[in-house]
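Student: build me a model:
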Amino acid sequence: MTAAAKEQAEVFVQEIDKSFEEMPCFSQKKLRLTFEYNGVAPTRIPIILLKGKSARPRMWIQAVVHGDEYDGAISCLRLAERLDLHDLNGALILVPVMNPSAFFAYQHGSPYDDNVNLNRVFGENDNHSYSWEYGRFLFTIIAAEADFHIDLHGASKLNTIARYTGTANMGNACDKTAYDIARRTGCDYILLDNNTQSGNNRGRLNTALSMRGIPGIVFENGGGLSWTEEAAENHIASVMQVLFEAGYISQGEHWPESGETFDADDYIYFERDGLLIDYVPIGTWVKKGDVVLRMMNVETMEIEEILATKNDCFIFCIHNAAVCKKGNIAYCLARKTEGL
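Tutor: This is a model prediction of the structure:
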């Protein structure tokens, strides 16, 4: 992390702390964080501070870490409107759009450095492009401010995804806390990030926070070019249940444990461009050789089938946009596993 990025982050940590200190109980305030990086326009991140009976404990709730996952942004805004601050034991920091440059480019990652996945930059590394420095800036602030962390995701503009929640599985006590709460949030599935900072898990925010002892929960739902009412409300219901189970609010009831625990087993990518003809629904159980998607090869005009690569897995995310592009995710396989 450059000295400049660290200095910027520390300024905003102090500003957030001072704001909470000065805010009356049961009030909210809007701030704007600004990250500056040579050669690009300043990144401005609006945040909403909600103070209940006290300034701590403090939960950080964010959305749009990926620029083309929209449902969570609406959920953050609605939470700020609906939450009864007189029932809030502590404080919340809501960040509707964590990755503005990607958001306004209609893409997953920032256009400033070739679409880098912002949720893979939080591991140990020596990279110094925009997204890596921006990630360090954000992590410094989150690690200082969050006693609990929630990250709202969708399936990007090209896919649809099962309603699931995820927690880290780094062997820390905070992971067990997050997992026990995640099981009571009404989601269909629970994903465990088992692979400590390597492979597809390397640099994920929830695993990096776990290493700091901060419990975190990821929620996935929705997808497509527009946010949907169902996905936004699912996110809100899940967040409200976390607030209740974690003791931030007292109004609520304990939901029964639910959700099948799974590992993300395989990510299959398109090998050529094409037109999507049809696909199986998310949640479909498949065995090796089953047809998962059918597409038309735009060069040969022939119909091609994309098959499942393994047995005893189900589809938890699948491409549903008309255009299939080489290198994009076609579908993701999941396999049941034991919980924490």
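Student: when you work out contacts or count neighbours from here on, use the C-alpha atoms and nothing else.
Tutor: Fine.
Student: what about residue 57, distance to residue 301?
Tutor: 59 Å (C-alpha to C-alpha, to the nearest Å).
Student: so which of the two has more stuff around it?
Tutor: The residue with more neighbours, out of residue 57 and residue 301, is residue 57; 15 against 11, by other C-alpha atoms under 10 Å.
Student: ok, so what distance separates the nearest residue to the more buried one once chain neighbours are set aside from residue 280?
Tutor: Nearest residue to residue 57, sequence neighbours excluded (C-alpha to C-alpha, 6 or more residues apart in numbering): residue 90, at 4.9 Å. The span separating residue 90 from residue 280 equals 44 Å under the rule C-alpha to C-alpha.
Student: okay, the two: which has more neighbours?
Tutor: It is residue 90, of residue 90 and residue 280, that has more neighbours when counted by other C-alpha under 10 Å, with 21 against 17.
Student: surely the more buried one meets residue 55?
Tutor: Yes. Look at residue 90 against residue 55 with C-alpha atoms under 8 Å: they come within range, at 5.2 Å.
Student: care to break the protein down by domain?
Tutor: The record's domain split for the chain, according to automatic domain parsing, is 3-258, 266-336.
Student: could you report the neighbour count for residue 250?
Tutor: When neighbours are counted by other C-alpha under 10 Å, residue 250 comes out with 13.
Student: any low-confidence regions in this protein?
Tutor: Residue ranges of the chain with pLDDT under 70: 124, 194-202.
Student: try it again at 50.
Tutor: For the chain, applying pLDDT under 50 flags the ranges 197-198.
Student: show me where the stretch 101-250 of the chain has its strands.
Tutor: Ranges of strands within the stretch 101-250 of the chain are 148-153, 159-168, 189-193, 216-222, based on DSSP state E, counting those that start in this stretch.
Student: the ones you listed: which one's closest to residue 286?
Tutor: Residue 286 sits nearest to strand 159-168 of all those, at 15.4 Å, using C-alpha to C-alpha.
Student: just name the most buried of the domains of the chain.
Tutor: Stretch with highest mean neighbour count among the domains of the chain: domain 3-258 (a mean of 19; mean count of other C-alpha atoms under 10 Å).
Student: what pairs with the helix or strand hosting residue 32, parallel or antiparallel?
Tutor: Assessed by DSSP states H and E, residue 32 sits inside strand 27-35. Counting by DSSP bridges, the strands paired with strand 27-35 are strand 43-51 (antiparallel).
Student: could I get the partner strand in PDB with only the CA atoms?
Tutor: What follows is strand 43-51, C-alpha atoms only, in PDB (Å, rounded to 0.1, in the frame of the first residue of the first chain):
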ATOM      1  CA  THR A  43     -13.300   8.100  -6.800                       C
ATOM      2  CA  ARG A  44     -16.100   9.300  -4.600                       C
ATOM      3  CA  ILE A  45     -17.900   6.900  -2.400                       C
ATOM      4  CA  PRO A  46     -21.100   8.000  -0.700                       C
ATOM      5  CA  ILE A  47     -21.800   6.400   2.700                       C
ATOM      6  CA  ILE A  48     -24.600   6.600   5.100                       C
ATOM      7  CA  LEU A  49     -24.000   6.500   8.900                       C
ATOM      8  CA  LEU A  50     -26.800   5.300  11.100                       C
ATOM      9  CA  LYS A  51     -26.400   5.800  14.900                       C
END
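Student: next SSE downstream of that strand?
Tutor: strand 58-63.
Student: which strands and helices sit next to that following strand?
Tutor: Counting by 3 or more C-alpha pairs under 8 Å, 6 or more residues apart in numbering; DSSP states H and E, the packing neighbours recorded for strand 58-63 are helix 71-82, strand 91-95, helix 130-145, strand 148-153.
Student: helices along the stretch 201-340 of the chain, start to end?
Tutor: 205-210, 229-245 (DSSP state H, counting those that start in this stretch).
Student: dump these into TSV; add distance to residue 321 as well.
Tutor: What follows is those, written out as TSV (distance: least, C-alpha to C-alpha, whole Å):
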stretch	distance to residue 321
helix 205-210	28
helix 229-245	18
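Student: of all the ones you listed, which lies closest to residue 152?
Tutor: Closest to residue 152 of those, according to C-alpha to C-alpha: helix 229-245, at 7.2 Å.
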